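Chemist: Fold the following.
(one chain, ligands or ions: 1)
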Amino acid sequence: MELSELEKELLIKTFKRVTENDVVSWRVAVRAQIDQTMTEAAAQTIMARGVAHSHLLCASSDSQLSNAASGTLSALRGHLENLGSVRGVFDWGYGGSKEPAIWRELGYVAHFSKRKSIRSEAEALQGRLTEMGLDCFIVAEMPALPAITELSVCRLIPRFAKEMVVDRLPVDQQNGLIYGSITDAIKDEKLAAEAKSTIDGVFEHLEKMTLVSRVNGVRLCWEWSGFVFTREGINVARDLEEQIRRRAKEDARVAPGIYHVRCPACTRTEMVTTVDFDPDRPVRGWMLDFADKFKRLNWSLPFKPSDVGQNIVCSHCQTVLIGTDNRFLSGVLVDQAAETEDVDGRKIDDEELLRLVDSGKSQVEIAGIFGCSKQAVSKRLKALREAEAVA
Ligand SMILES: [Zn+2]
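Modeler: Next up is the predicted model:
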């Protein structure tokens, strides 16, 4: 499964806001009803049938309940330790020392497995333990805050962000989180529904890829939903960021010049880069203009000079031309000389070309001789070498 540009952007922007340890992890809990003493059991048998009764209600003090709980816990541990095939599975120190009031609420005690960073591993363990006749379930260990909420994602998508009103909603500036639901922030029902299905789709896809886990909550009466990262999600986001950093470095080595801007969707080249274009900087609206023959039509560009990133779109079909790193997507920039020239190299005499190469002339010098671009020379040479390799 491939990540979309929006999903990549979301992972990269979000992962920087959370720490390494803000990930969800999973444990399997094995549960046992708190053992009853003889007295409690007797008390129950005296109760009439059909009347609610519980040995927990019969416990006369917290300490009695506490003793019953810890007795059951150690009996459960003894039982689990005798099952040879589960050696090393449990984390005996985790969750065992709860207050009696909590055991009373729960009505059972439990031992927990060690942390699993992948949910399916916890599910596999749960299956194994269930087959052994143990009563178990999966518990999520959550970070304190969501990594991002759906309204914070809306903020990242210009056409939704423009229509958002969040004055009434709880906003956590420090962590960049907006709480509330999409319909709380976007009045227009149609747009709100579109935003909801876009973001649901993204969350669902990321969760299927086990990069995030979806979460919900309520903050000051406002219901919200969002996601937390899994360990895998953090790793993938870190790799993506590294790839982008590497690509930006490579781009920086290309000397800036005038390029054609070719749309990857409709393949039209209506725009060119201006002299202000700098591959070291995020692409801004002012780095683009119409190519001469389109300029005459007096159209206006579909973005403002100050626009950046996802707002830079094809003037013909509105396809976004910019990646998550705020640079042109690969293949969008086309060398103007190579584009406008006879790409078949018809200007170039093959025999003469090979003779010049053999005589040690550089491609720039050869281009001068033929009156064409260096790109046309290197393209023709490559074609000749490939033909040679086939023969
Ligand atoms: Zn296009």
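Chemist: in the stretch 101-250 of the chain, which spans are strands?
Modeler: Per DSSP state E, counting those that start in this stretch, the stretch 101-250 of the chain has strands spanning 108-112, 136-141, 148-149, 171-172, 177-178, 212-219, 222-229. These are given in chain order.
Chemist: Tell me the residues on the stretch 201-350 of the chain that lie near the ion, please.
Modeler: 263, 265-266, 314, 316-317, 319 (C-beta under 5 Å from the ion). All C-beta spots, glycine's among them, are computed from the backbone N, C-alpha and C.
Chemist: make it 6 Å
Modeler: Applying C-beta under 6 Å from the ion, we find that the stretch 201-350 of the chain lies next to the ion at 263, 265-266, 268, 314, 316-317, 319.
Chemist: Farthest pair within those?
Modeler: Checking those against each other with C-beta to C-beta, the farthest-apart pair comes out as 268 and 319, at 10.1 Å.
Chemist: now this protein, which segments are flagged as low pLDDT?
Modeler: Along the chain, the parts satisfying pLDDT under 70 run over 1, 35-60, 96-101, 104, 251-257, 336-347, 387-391.
Chemist: Mind telling me what element residue 11 is part of?
Modeler: Following DSSP states H and E, the helix or strand that holds residue 11 is helix 5-15.
Chemist: If we go by neighbour counts, what in whichever helix or strand comes after that helix is buried?
Modeler: Using DSSP H and E, the helix or strand that follows helix 5-15 in sequence is strand 25-33. Of the residues in strand 25-33, 25-30, 32 count as buried by neighbour count, 16 or more other C-beta atoms under 10 Å.
Chemist: and if you look at stretch 288-297?
Modeler: For stretch 288-297, a neighbour-count test (16+ other C-beta under 10 Å) marks 288-290, 294 as buried.
Chemist: all helices for the stretch 201-350 of the chain, in order.
Modeler: Assigned helices in the stretch 201-350 of the chain, in chain order: 231-252, 292-295, 336-340, 350-358 (criterion: DSSP state H, counting those that start in this stretch).
Chemist: okay if I get those helices as JSON lines plus distance to residue 7?
Modeler: Listed next are the helices of the stretch 201-350 of the chain as JSON lines, based on distance: least, C-beta to C-beta, whole Å:
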{"stretch": "helix 231-252", "distance to residue 7": "10"}
{"stretch": "helix 292-295", "distance to residue 7": "33"}
{"stretch": "helix 336-340", "distance to residue 7": "32"}
{"stretch": "helix 350-358", "distance to residue 7": "46"}
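Chemist: of all those helices, which lies closest to residue 65?
Modeler: Ranking the helices of the stretch 201-350 of the chain by proximity to residue 65 (C-beta to C-beta) places helix 231-252 first, at 37.4 Å.
Chemist: burial measure for the nearest residue to residue 323 once chain neighbours are set aside, as a count.
Modeler: Once flanking residues are discounted, residue 323 sits nearest to residue 329: 5.0 Å by C-beta to C-beta, 6 or more residues apart in numbering. Residues near residue 329, counting by other C-beta atoms under 10 Å, number 16.
Chemist: measure residue 307 to the ion for me?
Modeler: Separation of residue 307 from the ion (C-beta to the ion, to the nearest Å): 17 Å.
Chemist: Got phi/psi on that residue?
Modeler: phi -60, psi 150 (degrees, to the nearest 10).
Chemist: same deal with residue 173?
Modeler: Main-chain dihedrals, residue 173, degrees, to the nearest 10: phi -60, psi -40.
Chemist: Run a quick neighbour tally on it.
Modeler: 7.
Chemist: I'd say residue 20 and residue 235 touch.
Modeler: No. Using C-beta atoms under 8 Å, residue 20 makes no contact with residue 235, being 10.3 Å away.
Chemist: For those two, work out which one has more neighbours and name it.
Modeler: The residue with more neighbours, out of residue 20 and residue 235, is residue 235; 15 against 10, by other C-beta under 10 Å.
Chemist: ok, now which ones touch the more buried one?
Modeler: Under the criterion of C-beta atoms under 8 Å, 6 or more residues apart in numbering, residue 235 has no contact partners.
Chemist: about what we covered before: which of the buried residues of strand 25-33 are close to the ion?
Modeler: By C-beta under 6 Å from the ion, no member of the buried residues of strand 25-33 lies near the ion.
Chemist: now those as a markdown table including distance to residue 146?
Modeler: As requested, the buried residues of strand 25-33 are exported to a markdown table (distance: C-beta to C-beta, whole Å):
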| residue | distance to residue 146 |
| --- | --- |
| 25 | 15 |
| 26 | 17 |
| 27 | 20 |
| 28 | 24 |
| 29 | 23 |
| 30 | 29 |
| 32 | 33 |
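Chemist: and these, which two are the farthest apart?
Modeler: Greatest spacing in the buried residues of strand 25-33, by C-beta to C-beta: 25 and 32 (23.3 Å).
Chemist: and the closest residue in space to residue 266 that isn't next to it in sequence, what is it in contact with?
Modeler: Once flanking residues are discounted, residue 266 sits nearest to residue 317: 4.3 Å by C-beta to C-beta, 6+ apart. Applying C-beta under 8 Å, 6+ apart to residue 317 gives the contacts 263, 265-266, 268.
Chemist: Go through those residues and give me the one with the most neighbours.
Modeler: Among the contacts of residue 317, the one with the most neighbours (other C-beta under 10 Å) is residue 263, at 21 neighbours.
Chemist: Ramachandran angles for that one?
Modeler: According to degrees, to the nearest 10, residue 263 has phi -70, psi 130.
Chemist: Repeat that for the one 4 residues further on.
Modeler: Comment: the main-chain dihedrals of residue 267 come out as phi 60, psi 20, following degrees, to the nearest 10.
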